[in-house]
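S.K.: how does the following fold in three dimensions:
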Amino acid sequence: MKTAFLTMDVESFYDTSCVKNKGITGSLSCAEQVDVYLDLMRSYDAKATLFVTADFIEECKAPLLRAIREGHEIALHALVHESPVKYSKTHFKECIARAKEIIEEELGVSVKGYRAPCFGIDADKVEILKELGFLYDSSALNYKVAYGAGSLDIGNYQKINDSVYCDGDFFEVKPTTLSGGGYLRLTPWGITKSRVERYFKRADAYVFYVHPFEIYRGEFPKFKQLSAFERVFVNGGRKKYFTKIEYIFDRLRQEKFSFPTISGYLETELKGERGEYFQSGIQGDRAAL
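M.R.: A predicted model of the protein is given here:
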């Protein structure tokens, strides 16, 4: 079974690192773009996994409740949107526990997954996620030159497919570099298109991710605080991005990828495919993979 996980990091436009670091605030949060993404999911009969920033819930609560009604997954992005790469273990645990509690109480769901802002993950943080009862993490982009990024060595994890790895009863759902965000939006389409085409033909799993502001087609204010490079990062490729996304989703469908939520796949589809492995508590007969 070829599987694509279609995800969104649900955060405000003002959480974008270069915008937040300059102290820019305003009313153009792009919360309404969560609904736009859900409309896109409906058109592909797909289920999304939404990684939610807890302090953004009130502004986008209506589309998040819609997402739950329509069978999408709510996972955790952060308490407040900042890379946790320099957090102490104590501070990280406190923030994650509080954010998980807020999301579960506000939305009435069980949060099973996590993705760190800026992909700021490492082994110590994964151990804390395990302590807090998370089923999976989806932060190991391992692109070290990215702002605020961390690195997670998954060399000792058991590979299940091209995106999913396990360590005991915990999973890492690993994005690839050209799976979304600015990497996909800003890279010249001629380069990206050929690379993703080759990947889709050979791979059995794919993780797509996007941020609400990236599918906003209107104009942002010309923030004078941003450098020329930062303005390109915020604005570059947005007007054509939706067309790229539709092309990618069309190609995934043509290549017979399914579109489940992450936890749905791990708990249902993967369990069905790897029954003996799950019955052994994931710790036992790894030959089932």
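S.K.: wait, isn't Ala97 in contact with Glu131?
M.R.: No. Contact criterion Cβ atoms under 8 Å: Ala97 and Glu131 do not qualify, at 9.4 Å. For glycine as for every other residue, the C-beta is placed from the backbone atoms N, C-alpha and C.
S.K.: who's in contact with the helix or strand containing Glu127?
M.R.: Taking DSSP states H and E as the criterion, Glu127 maps to helix 123-131. With contacts defined as Cβ atoms under 8 Å, 6 or more residues apart in numbering, helix 123-131 is touched by 84, 87, 89, 92-93, 96, 114, 116, 137, 150, 152-153, 167, 170, 172.
S.K.: show me how to select, in ChimeraX, the buried members of those.
M.R.: Per 16 or more other Cβ atoms under 10 Å, the buried members of the contacts of helix 123-131 correspond to this ChimeraX selection:
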select :84,87,92,93,96,114,116,137,150,152,167,170,172
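S.K.: from the contacts of helix 123-131, which ones fall inside helices?
M.R.: If you go by DSSP state H, the contacts of helix 123-131 have 89, 92-93, 96 in helices.
S.K.: re earlier: what average pLDDT does the helix holding Glu127 get?
M.R.: On average, the pLDDT along helix 123-131 is 97.
S.K.: quick one: buried residues of it?
M.R.: 125-126, 128-129.
S.K.: do the same with stretch 58-77
M.R.: In stretch 58-77, counting by 16+ other Cβ under 10 Å, buried: 59-60, 63-64, 67, 72-77.
S.K.: cool, and stretch 222-238?
M.R.: So for stretch 222-238, counting by 16+ other Cβ under 10 Å, buried means 226, 230-231, 233-234, 236-238.
S.K.: kindly report the same for stretch 242-256.
M.R.: Buried, per 16+ other Cβ under 10 Å, within stretch 242-256: 242, 244-245, 248-249, 251-252.
S.K.: nearest to Leu270, of the residues you listed?
M.R.: Closest to Leu270 out of the buried residues of stretch 242-256 is Leu252 (18.6 Å), distances taken as Cβ to Cβ.
S.K.: what packs against the helix or strand harbouring that closest one?
M.R.: In the assignment (DSSP H and E), Leu252 maps to helix 238-254. Where contact means 3 or more Cβ pairs under 8 Å, 6 or more residues apart in numbering; DSSP states H and E, helix 238-254 is packed against helix 33-43, helix 181-186, helix 189-202, strand 205-210.
S.K.: which one of the contacts of helix 123-131 is nearest Val34?
M.R.: Distances from Val34 to those, taken by Cβ to Cβ, are shortest for Tyr114, at 18.6 Å.
S.K.: who touches the helix holding Leu252?
M.R.: Helix 238-254 is contacted from outside by 4, 6, 40, 44, 46, 184-185, 189, 192-193, 196-197, 200, 206, 208, 210, 213-217, 237, 259, using Cβ under 8 Å, 6+ apart.
S.K.: now with 6 Å, please.
M.R.: Residues from elsewhere that reach helix 238-254, judged by Cβ atoms under 6 Å, 6 or more residues apart in numbering: 4, 44, 185, 200, 214-215, 217.
S.K.: same check on stretch 139-158?
M.R.: 17, 83, 85, 115-116, 118-122, 165-167, 172, 174-175, 177, 286, 289.
S.K.: again, but for stretch 45-60
M.R.: Residues outside stretch 45-60 that contact it (Cβ under 6 Å, 6+ apart): 6-12, 29, 31, 34, 41, 67, 71-75, 77-81, 99, 102-103, 106, 115, 259-262.
S.K.: just how off-centre is that stretch within its chain?
M.R.: Taking Cα atoms, centre = their mean, to the nearest Å, the mean C-alpha location of stretch 45-60 is offset from the chain mean by 10 Å.
S.K.: do the same with stretch 214-222
M.R.: Put simply, stretch 214-222 sits 21 Å off its chain's centre (Cα atoms, centre = their mean).
S.K.: what residues of that stretch count as buried?
M.R.: For stretch 214-222, by 16+ other Cβ under 10 Å, it's 214-216, 220.
S.K.: CA atoms only for it, dumped as PDB, please.
M.R.: C-alpha atoms of stretch 214-222 as PDB (Å, rounded to 0.1, in the frame of the first residue of the first chain):
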ATOM      1  CA  GLU A 214       1.400  29.800   2.100                       C
ATOM      2  CA  ILE A 215      -2.000  29.200   0.400                       C
ATOM      3  CA  TYR A 216      -3.200  32.700   1.000                       C
ATOM      4  CA  ARG A 217      -3.400  34.300  -2.400                       C
ATOM      5  CA  GLY A 218      -3.900  37.900  -1.300                       C
ATOM      6  CA  GLU A 219      -1.200  40.500  -0.700                       C
ATOM      7  CA  PHE A 220       0.700  40.900   2.500                       C
ATOM      8  CA  PRO A 221       1.600  44.300   3.800                       C
ATOM      9  CA  LYS A 222       5.000  45.500   2.800                       C
END
